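Undergrad: Dropping a prediction and its sequence here:
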Amino acid sequence: MKKPAHCKRNYLHPLCCAVSMALLGSSTLSISAQTTENNQDELEKIVVTGSYRESLAQAVDLKRMNIAVSDSIVATDIADFPDQNLAEALQRIPGVAIERDKGMGTKVNVRSLGTGYTHTTINNVSTSSGSGGRDVNFDIFASELIQSVTVKKSPLASDEEGGVAGVVAIQTARPFDFSGTKMIASAEGAYNDLSEKTDPRYSFLVSKNANDKWGMLFSYAAEDRTVRTDQADTAEFKTLGSILEDAYDITYENAIDKGMSAGDAVSAAQYAQSIALPGGVSPDALYAENVRDDIMLNKQEKWGATAAFQYRPLADMELSLDLMAGNFYGKEDDYMFGSWSGDATRATNLTIDQNNVVTKGTFDNTQHEFKSYDRYRDEDYRQGSLKLDWAVSGWDVDALIGFSSADRSYQRTQAKWKRYAPITQEYTANGMIRTSDEYDLASDLTGYGFVFMDFDNTKVKDEKVVYQGDLARNIQWDALPALAKIKFGSRYSEKSMTYDHGWTEIKGDTVYQDEGGRQHTSTEWVGTPLPADQAVSVNDLIPGTDYMSQIPGKFNAWQVIPNAWARENYNVDKVSPNYFFNDHYQVDEDVLAVYAMSDFSFEVGSFPVDINAGIRYISTSQTSFGYQNVDGKWSDAPVKFDADYNDVLPSFNLSMSLSDDLLLRFAAARVMSRASLSQLSGKRDISTNNKTIKSGNPQLDPLRANQMDLALEWYFQEGSLIALTAFYKDLESFITEAKTGTTEYQGDTYEVYSYINGEGSKIKGAELVVQFPFSALSENLEGFGINANYTYVNSSDGNISDIGLEVPMYGLSEDSYNATLYYENTGFDARISYNYKGESVQSLEDNLYPVYRKGYGQFDLSAGYEINDNIKVTAKVINLTDETISEYQVDPAYPMLLQVSGRRISLGVRASF
């Protein structure tokens, strides 16, 4: 079925619209807003090409000059941390924590709110995302391309809305940042001690500045990466009562299939049910129905490039063009060995603890699975902006036109074989251990039959255009001498995301196509024996050490069928990627914002005070499209859902100098974050296996909050800071998934799940920052220093499961902190960093039981030596002590995931001319 015309969207507005927006101007891109024009200019020109200590000092200057509550990192700071990508560089900022996947930082949350509540911009243009949401995959950005990053925690009226948690403002390098001609190049080799592979990484930057009249800059960074991850996990609590039900149903069906009469089948089913559980055992007791082991090898190729052009035709006029592009490509081989007792018809030898959880037991009719997965992720991003800064007749006129896009293609292929045999499983300190008295679980391949080969395809396209303008003027008004500056402007943006998904299952040699475009096959391959002559040990197929070699009680190997063989012999290529009409949706979003704000400067007694006060008005129009199924019949075209809402967001920021070195800040604002585009979709997912219907909710309200910050900052010497910030957020509601009722579908009762606006939550916390060179304590400690921060967050519960359990917002950690001890002397530097994020709820398993990720801390080490003024060699170690990621369900006594990714050791050289 062809997509309707709405899927082709025109982003080019009539010329009159573009011209009128340009005349309004755009907000001057800077790392933070200032109370004077001189400070604004200074911020835009800050460039760091020196030592790590100097970069910290520049970041302190940025924080001090900004009237709002914010924290920054700058060029040398970003480049010199022993980090794998931009996400890991950002974790050094107070209040910022990252989500890790397979040992790597991927997404960012601020003050422990979910990653979807952080708004990200690059060169003042909102960053599109291939995730299907509003959160950004920071692993696609190389830190070498970034000049500075500021995390804004209290907004100005001129800041684009969308970040209840905060705004991550990224700035790439420009030619006027450097004097004359500048060339920088680096190369690095990185070794992972788990995969035992070494991968290259390299970058370069070339910049030409012709006396600040015109300039051009080009930068490029690329790397290959081999990421090996060993993972053992359990999943999905079920009640023992489900075994009673399966004992009856499965026994009855088998009896009928064997030709027994209905009466005899009932008798057999009743007997099976009577012995399904030991006497006196409660059917409400919980057990883990799925135990798995995986080895994953992810080979990544990543590149990114920027180009920047600046031209100053007049002393008071500047034009800037910023371009950015990149690609992330990853191929992952995953070999899984699992045991699933969800169809067990009898449980014996049960040990049940005080929490009514089975900690050890034997389950018959357990399905044992060998699976060979391969996954492909291909993600492109493109971004550009044209910016005008013009001072004319006492006014600062700024204009911006920008574009951002992300395209992501994902394919997952799976080949599966299974057999049935009893299993004994037991919780230990290292997770679930499983054994069988009937056969060797890891190496005996007899009895395994082919189930299917399937592949899952997803495509996401996210695009945004923006037109923005500002007018600003310094004021000297006798009637109101405190008024220093006025600023007002407008921003109009269009955003559109399309999502397509398809799934095809291969069970035989002949391919059929249904009327609706769905493909299926004949079934003659089902049950054919696993090709044992093609099986190899997983440790022979995946490079590196033996699986879970450092974890007692785990399998150290099992047999697998290579993905390459499965793809070739099960004819996946015969079935073209098939994107079904009912798995398509699109969300369009148009936003018009206008704002006005003023800066005031005056004294209270002998204390200088700066105030920025403003108000922002936003009108949002959203249109969602998705195919709907009513009474078993799909709509012929996507159904359209419209939603419109308006917001008024006041903001207030105050800075008071209590002394030359002591600064008091207060900020208050109303903020908002819109729902994820996937949550706003108009599509429905129907699972005939689980008897559930999941749907988006185009009528979701955004998350809105009122917030306050109070900070005391002591700048006791150059480059030094001790700061304490208290913050409070009153979230009026937030978005969660919940069961909304039941409905009849094709004669059966289905449970309906959708996204709703929850009751909200109150978040309060504090941040402590300590940064100074130890020479402030003693001249004997010259060269040593510290950069450390701690964040505490307390939140009321928000998510409520189907059984009434209340848990905090996903991803929220009570404690997070990081510290870097550094040493710098002539030509030599060294740093050791520790970053910790406390325990947090990751999800509600099946919307029932909370899954917690344990607190995780990691040491990283880096050192460098300057051979001469132009050449520097570096060494880095990431995850120095080989930490592991772990999760549990409900209670630490029930481990759910153990993930090992190893250390990463790199050597590099950097040249600068």
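TA: Happy to help now that I have it. Residues are numbered from 1 along each chain as shown.

Undergrad: C-alpha from now on. contacts and neighbour counts both.
TA: Fine.

Undergrad: can you pull out the helices in the stretch 251-400 of the chain?
TA: Listed in chain order, the helices of the stretch 251-400 of the chain (DSSP state H, counting those that start in this stretch) span residues 262-274.

Undergrad: For burial, what's the neighbour tally of residue 317?
TA: Using other Cα atoms under 10 Å, the number of residues around residue 317 comes to 16.

Undergrad: Pull out the buried residues from stretch 307-316.
TA: Residues of stretch 307-316 classed as buried by neighbour count (16 or more other Cα atoms under 10 Å): 307, 308, 309, 310, 311, 312.

Undergrad: neighbouring contacts of that stretch?
TA: Stretch 307-316 is touched from outside by 173-176, 212-219, 318-324, 389-392, with contacts defined as Cα atoms under 8 Å, 6 or more residues apart in numbering.

Undergrad: Tell me which of those residues fall in strands.
TA: Using DSSP state E, the members of the contacts of stretch 307-316 that fall within strands are 214-219, 318-324, 389-392.

Undergrad: sorry, back to before: from the contacts of stretch 307-316, list the buried ones, please.
TA: Neighbour counting over the contacts of stretch 307-316 (16+ other Cα under 10 Å) leaves 173-176, 212, 214-219, 318-324, 389-391 as the buried ones.

Undergrad: follow-up on the earlier one: now render the buried residues of stretch 307-316 as JSON lines, adding distance to residue 521 and pLDDT.
TA: Formatted as JSON lines, the entries for these read as follows, by distance: Cα to Cα, whole Å; pLDDT from 0 to 100:
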{"residue": "307", "distance to residue 521": "50", "pLDDT": "96"}
{"residue": "308", "distance to residue 521": "53", "pLDDT": "96"}
{"residue": "309", "distance to residue 521": "55", "pLDDT": "97"}
{"residue": "310", "distance to residue 521": "59", "pLDDT": "97"}
{"residue": "311", "distance to residue 521": "61", "pLDDT": "97"}
{"residue": "312", "distance to residue 521": "65", "pLDDT": "96"}
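
Undergrad: Helix or strand: which one has the most centrally placed residue in the chain?
TA: Note on the chain: the residue nearest the mean C-alpha position is residue 107, at 3.1 Å, using Cα atoms, centre = their mean. Element membership for residue 107, per DSSP states H and E: strand 104-110.

Undergrad: Heading C-terminal from that strand, find the next helix or strand.
TA: Toward the C-terminal end, the helix or strand that comes next after strand 104-110 (DSSP H and E) is strand 118-122.

Undergrad: Give me the angle between that following strand and strand 104-110.
TA: In this structure, strand 118-122 runs at an angle of 110 degrees to strand 104-110, with axes from the mean of the first three to the mean of the last three Cα atoms, to 10 degrees as the basis.

Undergrad: Name the next helix or strand downstream of strand 118-122, please.
TA: Using DSSP H and E, the next helix or strand after strand 118-122 towards the C-terminus is strand 125-126.

Undergrad: Other residues contacting that next one?
TA: The contact list for strand 125-126 (Cα under 8 Å, 6+ apart) reads 119, 120, 385, 402, 403, 404, 464, 466.

Undergrad: One more pass at 10 Å, please.
TA: Under the contact criterion Cα atoms under 10 Å, 6 or more residues apart in numbering, strand 125-126 has outside partners 29, 119-120, 134, 160, 162, 168-170, 383-385, 400-405, 464-468, 493, 495.

Undergrad: Show only the entries of these found in strands.
TA: 119-120, 168-170, 383-385, 400-405, 464-468, 493, 495.

Undergrad: Which of the three states applies to residue 438?
TA: Under the three-state scheme (DSSP: H, G, I helix; E, B strand; the rest coil), residue 438 adopts coil.

Undergrad: Please identify which helix or strand holds residue 54.
TA: Under the assignment here (DSSP H and E), residue 54 is part of helix 52-65.

Undergrad: gap between that helix and the chain center?
TA: Here the centre of helix 52-65 is set off from its chain's centre by 27 Å, with Cα atoms, centre = their mean, to the nearest Å.

Undergrad: same thing with stretch 125-138?
TA: What separates the centre of stretch 125-138 from the centre of its chain is 9 Å, taken as Cα atoms, centre = their mean.

Undergrad: Thank you kindly, that will do.
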